[in-house]
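> With the input below, show me the fold.
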Amino acid sequence: MKRLLIAVVLSVVWPAGAAPDRLHALATELRCPVCQNQTLADSNADLARDLKAEIARQIEQGRSDEQIRAFMVQRYGEFVLYEPPVRADTTVLWAGPFALLALGAGALGWRLLRLRQRPQTHTTPTPERQT
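Predicted coordinates:
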């Protein structure tokens, strides 16, 4: 009897407690279409609030996280994903920062090498003549 009571309480309380966590997790994975540089969780824009409410409704309807993400992508495009998927057409987004870092390191190395190879010319000061 005690186990049945615990099971009933958990079945009622667990989904209700998990919904805000799921909502927050999904809101941190999705970009605000208005703010563009903030997640839905961080944004205070009216559209962000509406989208968070839509996510909450879909969670209550029993939709999975993947279904909710697919709904948002269908409606707003892949731009809404804060981390776009790794594919051939998104390679520049993923590899670009590393390529720029490598270019910068290469340019710095080249410059340092050129400085070391430059002949060092030191002029010694001539002593002043005393008259």
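> Quick check: which ranges of this protein have low pLDDT?
Counting by pLDDT under 70, the ranges of the chain that qualify are 1-18, 120-127, 129-131.
> Show me how it divides into domains.
Domain ranges of the chain: 6-83, 86-117, per automatic domain parsing.
> and among the ones you listed, the most buried is which?
domain 6-83 (a mean of 14; mean count of other C-beta atoms under 10 Å). For the C-beta atoms, the positions are set from N, CA and C on the backbone; glycine is no exception.
> mind putting the domains of the chain in CSV, distance to residue 128 included?
Listed next are the domains of the chain as CSV, based on distance: least, C-beta to C-beta, whole Å:
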stretch, distance to residue 128
domain 6-83, 64
domain 86-117, 33
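> Between the two ends of stretch 71-88, how far is it?
23 Å (C-alpha to C-alpha, to the nearest Å).
> Return the residues in contact with the residue nearest to residue 26 when sequence neighbours are not counted.
Computed as C-beta to C-beta, 6 or more residues apart in numbering, the closest residue to residue 26 that is not its neighbour in sequence is residue 55, at 5.4 Å. The contact partners of residue 55, taken as C-beta atoms under 8 Å, 6 or more residues apart in numbering, are 23, 26-27, 30, 40, 68.
> Residue 55 and residue 111: what is the separation?
According to C-beta to C-beta, to the nearest Å, residue 55 stands 50 Å off from residue 111.
> what does residue 24 give?
Going from residue 24 to residue 111 by C-beta to C-beta gives 47 Å.
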